[in-house]
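**Student:** Below is the sequence, then the predicted model.
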Amino acid sequence: MRLRFARPARPARPARPPDRAAEAAAAPAAGRPASPRRDGDQAGHALRAPSKLHAFNRYEIKYLVDTARVPALREQLAARLAPDSHGADGGYGVWSVYYDTAGLRFYWEKIEGLRFRRKLRIRHYGDRSTVDDDSTVYVEIKQRVNRVTQKRRIALPYRTARRLCDERVLIEHDPAQRGFVSEVLGLVSGLDLRPVAMTGYQREAFVGQDADLGLRVTLDHRVRGRDRDFHLGADAENRLIVPASRSIVEVKANERVPYWLTDLAARAELQVVRVSKYCQSVEAFGRAPRSIFHVHDHDPAADLTAAAPGSEA
């Protein structure tokens, strides 16, 4: 069964602010899906790059679940899927710095549901308190082409990733990375990109095996963020951008989602959502009006508009 995404009604909102930055060069053709590989280098997930440039295509669907239901859901997933080899003892941290234009071009492209859209980020897997200039991070371009999500990335030392994305310097790179590095440089220079938002969460991941090979299901808890101090290792305050009472389930498949998983989602009353953690962060910190896709808490006292939101490291 191929995934079917219902197209939600477009939300009423103020006119999109003009973004007059120059257009970036067209994206190169996405590479073939890479096979998962298990590494033991450092904390992160099992989809490690088998080459200097890691690229894969997938279908994605997201659900919202009450955090209280996560233990039962985890048990059911573990009965059919294998745990991510790097996700023992409660999973691992995922921290991302997102780049956008002054007019939030990438944000609005997501909200408007454009058939082709991109976003650029620097991502770290593991404990952010240990991040320094030599830590391995991933510079990623995640894009949507119709219903297919394509992600391309390269692993770099953090200092080198910042030179590319912040200082807009052509870094030394493997010849196989040339097209990707040039595309990143074209985006940050041509569109005048800058760090806009940071997100972080605790992730548990499960991977398919045998007949479900290529399937990946993740549970993301305690989704936090901030709108300043964008160094990944900064000792800065974060706050919840998705209520603690909610977790995000992501299902990623190369071609199809098995029937047993769609049945499980129905039994668990999982709610399909078109949520973006990046957009959630932008809206939570008031950089754009809250869209119809914004995740609110049922408890008004815990709404993200509260005068004194709770913070977490």
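**Tutor:** Received it, and whenever you're ready, just let me know what you need.
**Student:** Could you pull up the contacting residues of the residue most central in space within the chain?
**Tutor:** Closest residue to the average C-alpha location of the chain: residue 277 at 6.6 Å, with Cα atoms, centre = their mean. Applying Cβ atoms under 8 Å, 6 or more residues apart in numbering to residue 277 gives the contacts 96, 199, 201, 220, 223, 225, 241, 242, 248. To be clear about C-beta, it is placed using only N, CA and C from the backbone, and glycine gets the same treatment.
**Student:** all helices for the stretch 151-300 of the chain, in order.
**Tutor:** 158-165, 178-190, 259-267, 277-284 (DSSP state H, counting those that start in this stretch).
**Student:** Indicate which one of these is closest to residue 108.
**Tutor:** helix 277-284 (9.5 Å; Cβ to Cβ).
**Student:** buried ones in that closest one?
**Tutor:** Going by neighbour count (16 or more other Cβ atoms under 10 Å), the buried part of helix 277-284 is 277, 278, 279, 280, 281, 282, 283, 284.
**Student:** Please report how far the fourth one lies from residue 226.
**Tutor:** Using Cβ to Cβ, to the nearest Å, we find residue 280 at a distance of 13 Å from residue 226.
**Student:** for the first one, same thing?
**Tutor:** Between residue 277 and residue 226 the computed distance is 13 Å (Cβ to Cβ).
**Student:** what's the answer for residue 112, then?
**Tutor:** Using Cβ to Cβ, residue 112 is found at 25 Å from residue 226.
**Student:** Those two - which one has more neighbours?
**Tutor:** Per other Cβ atoms under 10 Å, whichever of residue 112 and residue 226 has more neighbours is residue 226, with 20 against 13.
**Student:** in the sheet, who's paired with the more buried one?
**Tutor:** residue 198 (DSSP bridges).
**Student:** mind listing what it touches?
**Tutor:** Residue 226 touches 197, 198, 236, 237, 238, 239, 285, counting by Cβ under 8 Å, 6+ apart.
**Student:** and the third one, how many neighbours?
**Tutor:** Number of residues near residue 236 (other Cβ under 10 Å) recorded here: 14.
**Student:** same thing with the first one?
**Tutor:** A count of nearby residues for residue 197, using other Cβ under 10 Å, gives 28.
**Student:** I'd like the numbering to begin with 217 instead of 1 from here.
**Tutor:** Sounds good: first residue 217 from here, last item residue 413.
**Student:** shouldn't it be in contact with residue 441?
**Tutor:** Yes. Here residue 413 reaches residue 441: they are 6.1 Å apart, a contact under Cβ atoms under 8 Å.
**Student:** Which neighbours do these two have in common?
**Tutor:** Contact criterion Cβ under 8 Å, 6+ apart; residues shared by residue 413 and residue 441: 497, 501.
**Student:** can you give me the strands in the stretch 417-529 of the chain?
**Tutor:** Using DSSP state E, counting those that start in this stretch, the strands of the stretch 417-529 of the chain run over 432-442, 454-456, 462-469, 487-489, 527-528.
**Student:** Fine by me, we can end here.
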